[in-house]
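>>> next comes the sequence, and after it the predicted model I'd like to discuss.
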Amino acid sequence: MSYHDTLSYLYGLERFGMIFGLENISRLLQALGDPHLDLKVIHVGGTNGKGSVSAMMASILQEEGYRVGLYTSPHLVRFTERIQVNGAEIPWAEVVRLTDLLRSRVEEEGIPQRFTFFDFTTALAIYYFSLQEVDLAVLEVGLGGRLDSTNIVNPLIAVITNVERDHFQILGERIEEIAREKAGIIKKGVPLISGANQPEVIEILEQECRSKGAPLRLARRDFFGERVASRTFNFRGSKWKLKGLRLGVAGSYQIDNATVALGALEVLEEMGYEIRERAIHKGLVKIHWPGRLELVQTSPQILLDGAHNPAAAKSLREALQEFDYDRLFMIVGIMEDKEIPAILSELAPLADLFIASKAHNPRAMPPQRLAEVAKTYCKKEVRVIEEIKEAVDHLKEGVAQEG
């Protein structure tokens with residue numbers, strides 16, 4: 001198959017929707033010789049920040065000299081972004097070869113072809129990391145935790161960044177229900193590191209850890225991050241005392257993410273993995289995570305961010321208030337199944353001009369309806385421009401004319 005045909009096949013698996021459970025991923029990996037059994041894994045779940053935390057840990061470990069696999073989702077532009085080894089995306093030719101291989105194994109084994117896109121890509125990632133002989137693999141949970149395909153692994157350590165309301169149609173309406181799904185990645189005897197801060201969530205994590213004999217370390221109890229400036233912080237753990245750490249990504253909320261990442265890596269070091277201070281400093285400075293408060297143009301300043309739940313929108317609002325600007329224009333597209341009023345109540349009041357647009361997804365809310373909701377919170381101007389590119393061009397032309 002060509003790469004285009006391969007992607008068509010992979011995206012075609014989305015027709016099966018979401019099928020939760022470990023049966024499909026187990027059978028796919030069995031067809032590949034169970035490569036996950038020998039993989040040294042850091043398993044990262046949570047609601048917000050899990051991609052950033054994963055990338056931070058991978059960056060630091062790479063600086064220390066380890067060969068590190070990183071599996072994240074969704075991708076921003078290219079499918080190959082999802083699967084990386086030491087910062088290099090999987091070659092498209094390998095995507096083709098491994099997809100062909102796994103499809104042929106599926107046919108040979110007589111596996112019913114009702115596995116999902118995420119089942120298949122998770123199996124590809126794990127097999128690729130095995131072939132690449134990585135020292136460590138950082139796997140980001142796709143959705144939830146308990147029934148997520150990545151939960152097939154028995155990791156060295158598990159991380160739950162935080163627990164907030166998101167995907168509540170699937171995970172449950174109440175924060176306690178969501179926390180129980182996230183806590184499903186906790187394994188017997190495997191340390192859990194978490195940045196959760198709600199008492200009811202912490203109680204659930206503590207209960208689950210006690211029942212499985214899993215040590216628990218919590219941010220603000222067992223390890224601490226102290227903000228010094230917008231991208232600079234100090235860290236204090238059980239042994240580590242690190243000062244003047246600087247991040248390569250913007251947003252004070254990234255200090256919270258980095259604190260959780262360091263809390264996890266300190267546990268990994270206690271297991272015998274050498275992680276020196278120099279690698280921590282260099283790894284954090286070098287971190288680049290596209291689409292997370294990403295500055296893609298400086299004149300005028302254009303930022304990209306993928307906040308898609310109320311907690312993430314609140315963090316984005318706080319981060320935007322750290323920037324120096326005369327006016328703020330927003331182009332916003334949101335999926336219809338998100339908590340749109342709660343998201344817009346955080347962001348729309350900041351906008352001098354709010355443009356309702358449409359994400360390229362069948363679940364996207366029509367921009368006319370999005371604009372009506374935005375008018376409740378934006379006290380200035382609200383417009384509708386359906387195509388995102390057209391909206392960006394419109395704003396850039398307007399700014400250029402104003403000089």
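Sure thing, it's come through. Residues are numbered from 1 along each chain as shown.
>>> ok, which stretches of the stretch 201-350 of the chain are helices?
Under the criterion DSSP state H, counting those that start in this stretch, helices of the stretch 201-350 of the chain are mapped to 253-270, 277-286, 310-320, 340-347.
>>> quick check: which of those is buried the most?
For these, average neighbour numbers computed from mean count of other Cβ atoms under 10 Å are highest in helix 253-270, which has a mean of 25. Backbone N, C-alpha and C define where each C-beta goes, glycine included.
>>> in stretch 91-104, what counts as buried?
Within stretch 91-104, the residues scored as buried using 16 or more other Cβ atoms under 10 Å are W92, E94, V95, V96, L98, T99, L102, R103.
>>> residue contacts, the last one?
When you say that, I think you mean R103. By Cβ atoms under 8 Å, 6 or more residues apart in numbering, the contact set of R103 is Y9.
>>> equivalent analysis for the first one, please.
When contacts are counted by Cβ under 8 Å, 6+ apart, W92 touches Y3, T80.
>>> same check, this time on V106
L28, A31, Q113.
>>> among those, name the ones in strands.
Applying DSSP state E to the contacts of V106, no entry is found in strands.
>>> who wins on neighbours among the residues you listed?
Tallying neighbours with other Cβ atoms under 10 Å puts L28 at the head of those, with 24 neighbours.
>>> relative to K239, how far out is that residue?
Separation of L28 from K239 (Cβ to Cβ, to the nearest Å) stands at 40 Å.
>>> now F118
From F118 to K239 the distance is 37 Å (Cβ to Cβ).
>>> just N162 next, same as before
Where K239 is concerned, N162 sits at a distance of 24 Å (Cβ to Cβ).
>>> looking at the two, which is more packed in?
Ranked by neighbour count (other Cβ under 10 Å), N162 and K239 place N162 first, with 23 against 8.
>>> assess the claim that that one and I193 are in contact.
No: applying Cβ atoms under 8 Å as the test, N162 and I193 come out as separate, 11.7 Å apart.
>>> how many neighbouring residues does N361 have?
11.
>>> just the one 5 residues further on next, same as before
With neighbours defined by other Cβ under 10 Å, the count for P366 comes to 13.
>>> so for the nearest residue to it once chain neighbours are set aside, what's the pLDDT?
Of all residues not flanking P366 in the chain, K358 sits nearest, at 6.9 Å (Cβ to Cβ, 6 or more residues apart in numbering). pLDDT for K358: 92.
>>> do the same with L218
pLDDT for L218: 98.
>>> what's the separation between it and T259?
L218 is 11 Å from T259, by Cβ to Cβ.
>>> could you do I355 as well?
As judged by Cβ to Cβ, I355 and T259 stand 35 Å apart.
>>> with D326 instead?
When Cβ to Cβ is the yardstick, D326 and T259 sit 33 Å from each other.
>>> cool, and Y377?
31 Å.
>>> can you tell me the SS state at the residue positioned nearest the centre of the chain?
In the chain, the residue lying closest to the centroid (Cα atoms, centre = their mean) is G51, at 2.7 Å. The assignment at G51 comes out as helix when based on DSSP: H, G, I helix; E, B strand; the rest coil.
>>> who's in contact with it?
G51 sits in contact with T72, E140, W289, R292, where contact means Cβ under 8 Å, 6+ apart.
>>> E164 too?
E164 neighbours (Cβ under 8 Å, 6+ apart): T47, N48, I175, I178, N309, P310, A311, A312.
>>> so the third one touches P199, yeah?
Which is I175. No: if you go by Cβ under 8 Å, I175 and P199 don't touch, sitting 10.6 Å apart.
>>> so those two - more neighbours on which side?
Higher neighbour count among I175 and P199: I175, with 19 against 8, using other Cβ under 10 Å.
>>> format the contacts of E164 as a markdown table; extra columns: distance to A214 and pLDDT.
Listed next are the contacts of E164 as a markdown table, based on distance: Cβ to Cβ, whole Å; pLDDT from 0 to 100:
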| residue | distance to A214 | pLDDT |
| --- | --- | --- |
| T47 | 20 | 90 |
| N48 | 23 | 90 |
| I175 | 21 | 89 |
| I178 | 19 | 91 |
| N309 | 27 | 88 |
| P310 | 29 | 90 |
| A311 | 25 | 87 |
| A312 | 27 | 89 |
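>>> domains of the chain?
Following automatic domain parsing, the chain resolves into domains at 3-286, 294-402.
>>> quick check: G291 vs I302, distance?
Per Cβ to Cβ, G291 is found 12 Å from I302.
>>> coming back round to it: specify which member of the contacts of E164 is nearest to L247.
N48 (16.3 Å; Cβ to Cβ).
>>> tell me the spatial nearest neighbour of that closest one, not counting adjacent residues.
Leaving out its chain neighbours, the residue that sits closest to N48 by Cβ to Cβ, 6+ apart is A312, at 4.9 Å.
>>> show me where the stretch 51-200 of the chain has helices.
92-109, 117-131, 168-171, 175-182, 199-212.
>>> mean pLDDT lowest where, among those helices?
Minimum mean pLDDT among those: helix 168-171, a mean of 56.
>>> show me the shaky parts of the protein.
Flagging of the chain using pLDDT under 70 yields the residue ranges 16-19, 165-173, 400-403.
>>> coming back round to it: and the domains of the chain, which is most packed in?
Scoring the domains of the chain by how many neighbours each averages, mean count of other Cβ under 10 Å, gives domain 3-286 as the top one, at a mean of 19.
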